[in-house]
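# Mind looking at a prediction? Sequence and model below.
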Amino acid sequence: MSITVNLYYTGTSGNARKFAEEMTSSGVVQAIREEKGNLKYEYFFPMDDSETVLLIDSWENQEAIDEHHKTPMMQKIIELREKYDLHMKIERYRSGDDIPDRDKSFIRK
């Protein structure tokens, strides 16, 4: 059962976007994507909130997340969050919920 965590980083003066840009340009994002158990690590920018960045972070299981939290990249992430004075809101989801048939008709493939 995979786990997806949505992290909303919010700051001021464009700092959330700067954080995501530095995470990417420094190679941290690519290194995380290459970690065992990582399924997705992508940033998105809400159209109606220029001071927030959404990170969608998916892992195979809790053990993969726990191992990720032990890596040197976590310290770099913490340092960059502090550098850009970001605050966070987190949502966590587990896979395994099938889409009900009544909802499938609304999905265009």
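Everything's here; your move. Numbering: from 1, shown residues only.
# which residues in the protein form helices?
15-25, 28-33, 62-69, 72-83, 101-104 (DSSP state H).
# By mean pLDDT, show me the worst of those helices.
The weakest mean pLDDT among those belongs to helix 101-104, with a mean of 80.
# now do the same end-to-end measure for stretch 102-109.
16 Å (CA to CA, to the nearest Å).
# follow-up on the earlier one: so which of the helices of the chain comes closest to residue 51?
Among the helices of the chain, helix 15-25 comes nearest to residue 51, with 5.9 Å by CB to CB. For glycine as for every other residue, the C-beta is placed from the backbone atoms N, C-alpha and C.
# Which residue lies closest in space to residue 43, excluding its sequence neighbours?
Leaving aside its sequence neighbours, residue 43 sits nearest to residue 20 (CB to CB, 6 or more residues apart in numbering; 4.4 Å).
# that older thread, hey, which of the helices of the chain is tucked in deepest?
Among the helices of the chain, ranked by average contacts under mean count of other CB atoms under 10 Å, first place goes to helix 15-25 (a mean of 18).
# Return that one as PDB; C-alpha atoms alone will do.
C-alpha atoms of helix 15-25 as PDB (Å, rounded to 0.1, in the frame of the first residue of the first chain):
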ATOM      1  CA  ASN A  15      10.100  32.200  -1.200                       C
ATOM      2  CA  ALA A  16       8.200  29.000  -1.700                       C
ATOM      3  CA  ARG A  17       9.000  29.000  -5.400                       C
ATOM      4  CA  LYS A  18      12.600  29.900  -4.700                       C
ATOM      5  CA  PHE A  19      12.800  26.900  -2.300                       C
ATOM      6  CA  ALA A  20      11.400  24.600  -5.000                       C
ATOM      7  CA  GLU A  21      13.800  26.000  -7.600                       C
ATOM      8  CA  GLU A  22      16.800  25.600  -5.200                       C
ATOM      9  CA  MET A  23      15.700  22.000  -4.300                       C
ATOM     10  CA  THR A  24      15.700  21.200  -8.000                       C
ATOM     11  CA  SER A  25      18.900  23.100  -9.100                       C
END
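# so how far is residue 72 from the residue nearest to residue 43?
Residue 20 sits 19 Å away from residue 72, going by CB to CB, to the nearest Å.
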